[in-house]
Structures are given as C-alpha cells and as structure tokens.
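Have a look; sequence and predicted model below, questions after that.
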Amino acid sequence: MEAILQQVTSLRRANTEFGPAPHKPIMLLAILESFDEREIDNNWIGINEALLIRFYDLWNLLVKTKNAPNFSLTFFHLGNERRGLWNLISIPGKSNITTHKFYYKSIKVLKETFLGAQLSDEFYIAIKSKENRDTLKHALLNTYFPKSSARQRDTALRYSKKIEKQILFDAKENYAGNKIWHKHEETIESKEEEIIVRNYIFRKAVLETYNNQCAISGLKIESSDEEVLVDACHIVPFIHTSDDSIRNGIALSPTLHRAFDNGLIAIDDNYKILVPHKLKDYNPAVGIRQYADKKILLPREEKFYPSLHRLAEHRVRFGYE
C-alpha cells in the first residue's frame, strides 16, 4: 500500500498556463468512487458514460482553475505513468497508431482504438478494500486539491444532479439557455463530452419517467443485467433545438423510435397517435397502423407530459398540418 500511495501522490502531470494539470488525480478519484458505488466491481475500466459523469462531477467540484476537462486524453495518458499503474487494452488488430500527445483527446478516437483499461495487479488488490480506497482518496485530495473542504464536497450539488434538475424541472434553463459551467476554457472536446453526459442523463430521466415502457406499444422488457429495450427519443431533434428537457422526450421502442423520427407516426394535441393514410402496412398484426387513434401512455405527473408545442413542430415538419 505504501508503494501505491507514493505512486498516486507523485503523478506525472503536464505543466499548463494555469499550473500542473489536475486531470489524472480527478480520474483516479472517479475510479475510486466508481468502486465505492459498485459501478466497477472488477479489474476492467470501460470507456463509458458512467465514468465520464463521475469525472465531470469531480472536475466541477474540485478544479478551480481554467483548465479545460478532457476525459479521453486523461484516460489515455494514465497509461504513461511509471510502474504501469494503468494498462490500456487495444482493440484486436489496433495499437497506439500515434504518439502525438493530443491524438486521443476525443472519445470517438479513444473508442476506435481501445477497449478499456486495467489497473496494475497491486493497485487493483489494494483498492478492493474500502479502507484503502478511503486512504487513497484522502491522499489524492490533500496532495492535489488541498483547498477543498470535506464539508464543501459533502454538501455541494454535483454537476450531474444540476443537469438532471434542468432536464426534469427547468425547461427554460436547458442546454440552449444555461450551460452548467463557465469557469473553464471551452474546447471542442469538452463540448462533445458535455453533450455525451447530457444525453446519458436525458436518456435515464426519460426512461425513468416512462417506467422503462414504450409510450406507444407498451413494450417493457428488462433482462437480468438491467438492459432495457426502449429508447429515449427527442420529439424535435436536439441538433435543431438544443432542447434536452424532459418534455422534449418520449420513450419508444427502437422500431417506433425510427418510425417517429421518419414521420411515419405523429402525436396530436390529445396525445393520440396519427398514422399517414398513404402508409402501407403489409402485416397489420405487428405493424404500425394498429396504433392509429390510440392514446399514448403518459407519465404519472402532468408536468412531465410531452410538450404540445414540440409535438406540433414534429407534425409540421412531416406535413401532418
């Protein structure tokens, strides 16, 4: 454990115009928290939204400089630590095709090259113990974020919870009108990562609001690993509105999601389903026309109902009115 403590408190950090880069300590704290919350329970660190959210939660809580966050570049550069603290696992047939220090700064490139990462055996064995994790978190915080108080960390509303609050309750304060952070420099990569985080939280909020059930067909299937066969659909695409509030969302099965996105289904002001007369349904028993004039399944609370304004925009877009 002493060797691990020495490692995590002497990380190799780039010098930036705002001081030593805080990225690696944030990532390690995110890993430790993920073990605490059982989001990670073995020696496999995936490139996924849950870890990305942990990274941004901690970044916005602890980093007070104007450094721009970058999950992807941090994930890659932890593999350059001495004594193999972090081992990147390449996709079969691929390898580190470049050593340029900024090449892996986007999640797209990172995922195209790596499956994930594994911790050194020594590090993994150490952090299986909660006592050791607490010791390492304390050491990381004292070394790299000494001005952060325990009270502030325990009481502050986390970044992901602020986004969730916006999506659920503050439709006028969504991504289009009120970005969460403003203290750091924005980059193309940080904007990309922010949208990934928001999309993940939007999907989770929509599915919870609709009880993991398709609003049109009623489909609800969950497997033992909690896989849900329902999508969170934007009524009007995010790219056109920057609106990721809950009222611009609806839960649909993948087939009906595709049908809605292509205008083969629409919803009127009474929340009834519209199907174009010209649509040919060759197998009506499993087709789309069976849902015509039926009312969609709505959330329990009216404040989460789909926006009539957005539904009207969708109908206009596809020539329903």
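Structure's in. What do you need?

can you list the residues that contact stretch 49-66?
Contacts of stretch 49-66 with the rest of the structure, by CB atoms under 8 Å, 6 or more residues apart in numbering, involve 18-19, 22, 26-27, 29-31, 33-34, 39-40, 45, 69, 71, 74, 107, 141, 145, 147-148, 152-153, 156, 158-160, 180-181, 183-185, 193-194, 196-197, 200-201. For every residue, glycine as well, the C-beta is placed using N, CA and C.

Restricted to helices, list the residues you listed.
Judged by DSSP state H, the subset of the contacts of stretch 49-66 located in helices is 26-27, 29-31, 33-34, 71, 74, 107, 141, 152-153, 159-160, 193-194, 196-197, 200-201.

how close does E164 get to A205?
Using CB to CB, to the nearest Å, E164 is found at 6 Å from A205.

Show me which of the two is the more surrounded one.
Comparing E164 with A205 by other CB atoms under 10 Å, the one with more neighbours is A205, at 20 against 17.

burial count for the nearest residue to the more buried one once chain neighbours are set aside?
Nearest non-adjacent residue to A205, counting by CB to CB, 6 or more residues apart in numbering: I167, 5.2 Å away. Neighbourhood size, I167 [other CB under 10 Å]: 26.

in which helix or strand would I find I167?
I167 is part of helix 159-169 when elements are defined by DSSP states H and E.

surely S307 meets I246?
No: with contact defined as CB atoms under 8 Å, S307 does not reach I246; the gap is 9.2 Å.

More neighbours: which of those two?
Neighbour totals were compared for S307 and I246, and I246 leads with 26 against 19 (other CB under 10 Å).

Report pLDDT for K161.
As predicted, K161 sits at a pLDDT of 88.

picking up where we left off before, what distance separates the helix holding I167 from the middle of the whole chain?
Mean-position distance between helix 159-169 and its chain equals 12 Å (CA atoms, centre = their mean, to the nearest Å).

pLDDT below threshold where in the stretch 51-200 of the chain?
Counting by pLDDT under 70, the low-confidence segments of the stretch 51-200 of the chain come to 95-102, 170-185.

Without its sequence neighbours, what residue ends up closest to K94?
Nearest residue to K94, sequence neighbours excluded (CB to CB, 6+ apart): T113, at 5.4 Å.

which residues does E192 contact?
Counting by CB under 8 Å, 6+ apart, E192 has contacts S106, I107.

List the buried residues of the strand or helix carrying L61.
Using DSSP H and E, L61 sits in helix 49-62. For helix 49-62, burial by neighbour count (16 or more other CB atoms under 10 Å) applies to 49, 51-62.

What angle do helix 159-169 and it make with each other?
Orientation check (axes from the mean of the first three to the mean of the last three CA atoms, to 10 degrees): helix 49-62 against helix 159-169 gives 110 degrees.

chain center to helix 49-62: distance?
Its chain's average C-alpha position is 10 Å from that of helix 49-62, according to CA atoms, centre = their mean.

Dump it to CSV, keeping only the CA atoms.
C-alpha atoms of helix 49-62 as CSV (Å, rounded to 0.1, in the frame of the first residue of the first chain):
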residue,chain,number,x,y,z
GLU,A,49,-20.8,7.4,-19.7
ALA,A,50,-21.0,6.4,-16.0
LEU,A,51,-17.3,7.0,-15.5
LEU,A,52,-17.4,10.1,-17.7
ILE,A,53,-20.1,11.6,-15.4
ARG,A,54,-18.0,10.8,-12.3
PHE,A,55,-15.1,12.5,-13.9
TYR,A,56,-17.1,15.7,-14.7
ASP,A,57,-18.8,15.6,-11.3
LEU,A,58,-15.4,15.7,-9.5
TRP,A,59,-13.9,18.1,-12.0
ASN,A,60,-16.6,20.7,-11.4
LEU,A,61,-16.4,20.1,-7.6
LEU,A,62,-12.7,20.3,-7.2
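
Alright, that wraps it up for me.
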